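**Student:** next one to model:
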Amino acid sequence: MVRIYNGMPAADLGADGWHKPWSGGNGGNCIEAMKLADGRVAVRQSADPDGPALIYTPAEIAAFIQGAKSGQADFLLT
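**Tutor:** Modelled structure (predicted):
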């Protein structure tokens, strides 16, 4: 069994199950996400699929998505 931890090599999570929900037509530099069996979410940079995976709880992902939808992350766009 693989121990899943923040910053682990994304390749250790396997190649299947990654999705590109935030693809932006920017030459392949996308964020990819994978829902893990325990409900947590792994996020990696598609340009570096063997690089580190950031691991978030369902509550952290929900807070990020809800905050982004409500405009709290708009400062990142300017």
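
**Student:** can you check the pLDDT for the nearest residue to residue 12 once chain neighbours are set aside?
**Tutor:** Take residue 12 and drop its neighbours on the chain: the residue closest to it by CB to CB, 6 or more residues apart in numbering is residue 2, 5.7 Å away. Glycine gets a C-beta too; all of them are placed from N, C-alpha and C. Listed pLDDT for residue 2 reads 79.

**Student:** burial of residue 2, as a residue count?
**Tutor:** Other residues near residue 2 come to 8 when the count uses other CB atoms under 10 Å.

**Student:** shouldn't it be in contact with residue 13?
**Tutor:** Yes - look at residue 2 against residue 13 with CB atoms under 8 Å: they come within range, at 7.4 Å.

**Student:** give the contact list for the residue most central in space within the chain.
**Tutor:** In the chain, the residue lying closest to the centroid (CA atoms, centre = their mean) is residue 43, at 1.9 Å. Residue 43 makes contact with 31, 32, 33, 53, 54, 55, 56 under the criterion CB atoms under 8 Å, 6 or more residues apart in numbering.

**Student:** what segments of the chain are helices?
**Tutor:** 58-69 (DSSP state H).

**Student:** so which residues of it form strands?
**Tutor:** Per DSSP state E, the chain carries strands over the ranges 19-22, 31-35, 41-45, 54-56.

**Student:** okay, now the closest residue in space to residue 18 that isn't next to it in sequence: neighbour count?
**Tutor:** Nearest residue to residue 18 in three dimensions, chain neighbours excluded: residue 32, at 4.4 Å (CB to CB, 6+ apart). Here the number of neighbours of residue 32 (other CB under 10 Å) works out to 20.
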